[in-house]
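K.L.:
here's a sequence, model it:
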Amino acid sequence: MKIVTNQSKHKKKGIGLMVLLFVMPLNPIAQTTNSKIINQWSDNRYTVHNNGTATDVRTGLMWKICSEGQTWSESSGTPACSGSASTYTWKQALEIVNSHTFAGHSNWRVPNRNELISLTAEDRYQPAINSNIFPATPPYFFWSSSPDINDSGYAWMVYFENGNDLGDFRGTRSSVRLVRLGR
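P.N.:
Below is the predicted model:
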């Protein structure tokens with residue numbers, strides 16, 4: 001399976017994703033950074049709140065620090081996520097928010113493709129996200145709320161191994177991170 005970049009309009013569909021999910025390592029891999037790429041995702045890009053959320057000061061979006069299925073805790077001002085991220089079909093991911101309240105807010109939603117891509121950090125991978133702000137993020141696929149307009153059975157997801165995005169079958173089980181407008 002070919003994973004496409006954020007700028008690409010091409011995608012490969014099929015069972016390749018399922019094969020990839022079976023060969024992915026079960027143990028977490030240490031995050032790697034590339035010092036030749038400017039870090040645009042530094043800690044000061046985010047305002048970390050003491051309630052399990054962080055606001056991206058560039059986009060104004062408030063994110064849940066932990067992936068769905070993980071539990072947030074804070075020790076000495078440092079955010080931590082424990083447990084494993086749950087996986088959902090696209091339909092299940094969109095339904096999570098129907099009765100979801102967290103940190104005093106009930107307007108959480110699955111981010112659209114561009115919002116989710118805004119979390120990807122080009123200077124790091126495994127996972128391609130600021131792991132100081134979003135600890136224990138698995139380097140796996142995360143659903144966006146964006147349907148694939150070229151195929152009604154597919155929707156867009158972001159691969160946090162390397163930050164690329166692709167369209168895939170809506171019945172595939174992937175991770176979810178919720179967002180809300182932070183105002």
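K.L.:
skipping adjacent residues, who's closest to Y125 in space?
P.N.:
N162 (4.9 Å; Cβ to Cβ, 6 or more residues apart in numbering). The way it works is simple: take the backbone N, C-alpha and C, and place the C-beta from them, glycine included.
K.L.:
the one you found sits in which helix or strand?
P.N.:
N162 is part of no helix or strand, with elements assigned from DSSP states H and E.
K.L.:
swap in S144?
P.N.:
Assigned by DSSP H and E, S144 belongs to strand 141-147.
K.L.:
I'd like the next helix or strand past that strand.
P.N.:
With elements assigned by DSSP H and E, the helix or strand that comes after strand 141-147 is strand 154-159.
K.L.:
now for that following strand, which elements pack on it?
P.N.:
Strand 154-159 is packed against helix 113-117, strand 141-147, strand 164-169, with contacts defined by 3 or more Cβ pairs under 8 Å, 6 or more residues apart in numbering; DSSP states H and E.
K.L.:
pull up the pairing partners for the last one, direction included.
P.N.:
Strand 164-169 sits in its sheet next to strand 154-159 (antiparallel), going by DSSP bridges.
K.L.:
mind listing what's buried in the strand holding S144?
P.N.:
Across strand 141-147, burial judged by 16 or more other Cβ atoms under 10 Å covers F141, F142, W143, S144, S145, S146, P147.
K.L.:
pull the contacting residues for the closest residue to the last one other than its chain neighbours.
P.N.:
Of all residues not flanking P147 in the chain, A155 sits nearest, at 5.0 Å (Cβ to Cβ, 6+ apart). If you count contacts by Cβ atoms under 8 Å, 6 or more residues apart in numbering, A155 has them with W90, W143, S144, S145, S146, P147, D148, G167, D168, R170.
K.L.:
list the contacts of the first one.
P.N.:
In this case it means W90. Taking Cβ under 8 Å, 6+ apart, we find W90 in contact with W143, A155, R170, G171, T172, S174.
K.L.:
mind doing that once more with 6 Å?
P.N.:
Contact analysis of W90 by Cβ atoms under 6 Å, 6 or more residues apart in numbering lists W143, A155, R170.
K.L.:
and what of T89?
P.N.:
Contacts of T89 by Cβ under 6 Å, 6+ apart are G171.
K.L.:
which residue is the nearest non-sequential neighbour of G182?
P.N.:
Using Cβ to Cβ, 6+ apart, the closest residue to G182 is M62 (3.4 Å).
K.L.:
in a strand, that's where that neighbour is, yeah?
P.N.:
Yes: using DSSP: H, G, I helix; E, B strand; the rest coil, the assignment for M62 is a strand.
K.L.:
next, count neighbours for it.
P.N.:
When neighbours are counted by other Cβ atoms under 10 Å, M62 registers 23.
K.L.:
give me the pLDDT value at it.
P.N.:
Among the per-residue scores, M62 holds a pLDDT of 98.
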